[in-house]
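J.: Here's a sequence, model it:
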Amino acid sequence: MKTVTVRFGRIDIHNDNDNWGSGELFFIGRIISSPGDNADDTGLSDQVNKNSGEGWDDSRSVSVIVPDDGRVTVLYEGYDDDTTTQETLGSISDEYAGPEFGVGGHAQLSSNRKMTVSYYISVTDVLS
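T.: Numbers count the residues shown, from 1 in each chain. Predicted coordinates:
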């Protein structure tokens, strides 16, 4: 068994969806293991006020325990919560197989190209 940990890093905002200043942005990250569907999430971030072209260092982590031959899926999404509308910054969904589980650094452009999500995966053996 392995413990797979994802530490989210810099989130680069390409389009904050806000024409009247900085976006009122919120983010959440998740990891899901398979088999077993164990999951962990960061919870919703506090409000982040950033403009297009700026970045934010998330620095939150999530972990799951997974069999050596299992899989993990890393998910991350963001949105701009204006007074009357909620506009997506897109999402990422990356899947990695054991026993390596994508160990190392990654940067992924979101589904609608409005942000880039950076994260680092570490893997350790579960001691019995």
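J.: ok, the residue nearest the centre of the chain - contacts?
T.: A centroid search over the chain (CA atoms, centre = their mean) returns residue 76, at 3.2 Å, as the residue closest to the centre. For residue 76, the contact set (CB atoms under 8 Å, 6 or more residues apart in numbering) comprises 8, 27, 28, 29, 30, 91, 92, 110, 117, 119. (Glycine included, C-beta is placed from N, CA and C.)
J.: and the next element down the chain from the helix or strand hosting it?
T.: Here residue 76 sits within strand 71-81, counting by DSSP states H and E. Per DSSP H and E, the first helix or strand lying C-terminal to strand 71-81 is strand 86-97.
J.: Each with direction, which strands does that following strand pair with?
T.: strand 71-81 (antiparallel) (DSSP bridges).
J.: Report the distance from the partner strand to the chain centre.
T.: Here strand 71-81 is found 5 Å from its chain centre; the criterion is CA atoms, centre = their mean, to the nearest Å.
J.: Repeat that for stretch 106-123.
T.: With CA atoms, centre = their mean as the basis, stretch 106-123 stands 7 Å off its chain's centre.
J.: What of stretch 112-128?
T.: Counting by CA atoms, centre = their mean, stretch 112-128 is centred 8 Å from the centre of its parent chain.
J.: Low-confidence regions, this structure specifically.
T.: Within the chain, the segments meeting pLDDT under 70 span 17-22, 83, 128.
J.: try it again with 80
T.: Across the chain, the ranges flagged by pLDDT under 80 are 16-23, 36, 82-85, 128.
J.: can you give me the helices for it?
T.: Assigned by DSSP state H, the helices in the chain number zero.
J.: hang on, isn't residue 124 packed against residue 64?
T.: No: using CB atoms under 8 Å, residue 124 makes no contact with residue 64, being 11.9 Å away.
J.: before we move on, the earlier item: what's the closest of the contacts of residue 76 to residue 104?
T.: Nearest to residue 104 out of the contacts of residue 76 is residue 119 (CB to CB; 10.0 Å).
J.: Mind listing what's buried along stretch 78-98?
T.: Buried residues in stretch 78-98, defined by neighbour count with 16 or more other CB atoms under 10 Å: 78, 79, 80, 87, 89, 90, 91, 92, 94, 96, 98.
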